[in-house]
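# After the sequence you'll find the predicted model.
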Amino acid sequence: MSARAHTAANSDISMPVRVREAAGEADAWYLQRQWHHWFGAQYESQTAMQHDLFEIAGWTLPDDAEQAPLDSYGVIAEHVSPGGQAVPVGGGVALLLDHATAADELPDGGFDREALAGAPTVWFLLGVVDSAWRGRGIGSQLFKRRLEWARGTGAKIAIAFGWERSGGSSRPLFERHGWVPVETIESLYTETGRSACPDCGVWPADDAVCSCDATLWALDLPTGGEQ
């Protein structure tokens, strides 16, 4: 789809930005870099790509891979210059996890992890927009594209963490799409060892971890002919 056609379908995104499915190594490495920058995910060499992104890259998982997703989906937002050159300005990733993996990924809280996790579960892993491109509806479109994919997986529930940042919360985005807050967990990322956080000013080289709170959100996905 051309940038013009996509913008016509998504009028809240100003020209010339288009949103498309992520595919190939270049897209996977872009998403890996965002994951590293915003969340401290490992990023050292080609051997350090997270297994969750292998399918997007078109790579085969190693035989010893543990807790690999059943399926993965990436989406890229890119600025298209008048000359046709496309530069990524945002992206998102969603995973399809089996029940055991989803339950294991959930933190301790005032809920039953085994009961909350579905068989399978869609996990919204990552959604970011470059700071210079925010406020144009790009994040919303990245969110919608992942929701469209989620509804086609056969999963009954989607789960995500919303970053409760002092500079702005993702709460309005989740609420707009009908997600339900399960629990806000204080200093969640201290427990998970998140080593990068632009809000805290924490970076991997600091030997410190993020202390931000996060809200766990859930969305029942339609089954059969439900919409």
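Arrived safely. Numbering: from 1, shown residues only.

# I would like the residues contacting stretch 193-205, please.
The set of residues external to stretch 193-205 that reach it, using Cβ atoms under 8 Å, 6 or more residues apart in numbering, is 36-40, 163, 165-167, 189, 206, 208-212. Heads up, the C-betas are built off the backbone N, CA and C, glycines and all.

# residues contacting the most far-flung residue of the chain relative to its centre?
In the chain, the residue that sits farthest from the middle, by Cα atoms, centre = their mean, is Gly83; the gap is 29.9 Å. Contacts for Gly83 (Cβ under 8 Å, 6+ apart) come out as none.

# Same check on Ile138?
13, 17, 19, 77, 89-90, 129.

# could the residues you listed be laid out in CSV, adding neighbour count, pLDDT and secondary structure?
Converted to CSV, the contacts of Ile138 look like this (neighbours: other Cβ atoms under 10 Å; pLDDT from 0 to 100; DSSP: H, G, I helix; E, B strand; the rest coil):
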residue, neighbour count, pLDDT, secondary structure
Ile13, 20, 50, coil
Val17, 22, 89, strand
Val19, 25, 96, strand
Ala77, 24, 97, strand
Val89, 19, 96, strand
Gly90, 24, 97, strand
Val129, 21, 93, strand
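
# So which residues of this structure form strands?
17-21, 71-80, 86-97, 121-129, 157-165, 168-169, 180-185, 213-220 (DSSP state E).

# Show me what the fifth one is packed up against.
Contact analysis of strand 157-165 by 3 or more Cβ pairs under 8 Å, 6 or more residues apart in numbering; DSSP states H and E lists strand 121-129, helix 171-176, strand 213-220 as its packing neighbours.

# if we can go back for a sec, so which of the strands of the chain is the most surrounded?
strand 121-129 (a mean of 24; mean count of other Cβ atoms under 10 Å).

# Which elements pack onto that strand?
Counting by 3+ Cβ pairs under 8 Å, 6+ apart, strand 121-129 packs on helix 25-39, strand 86-97, helix 99-105, helix 138-151, strand 157-165.

# Thank you kindly, that will do.
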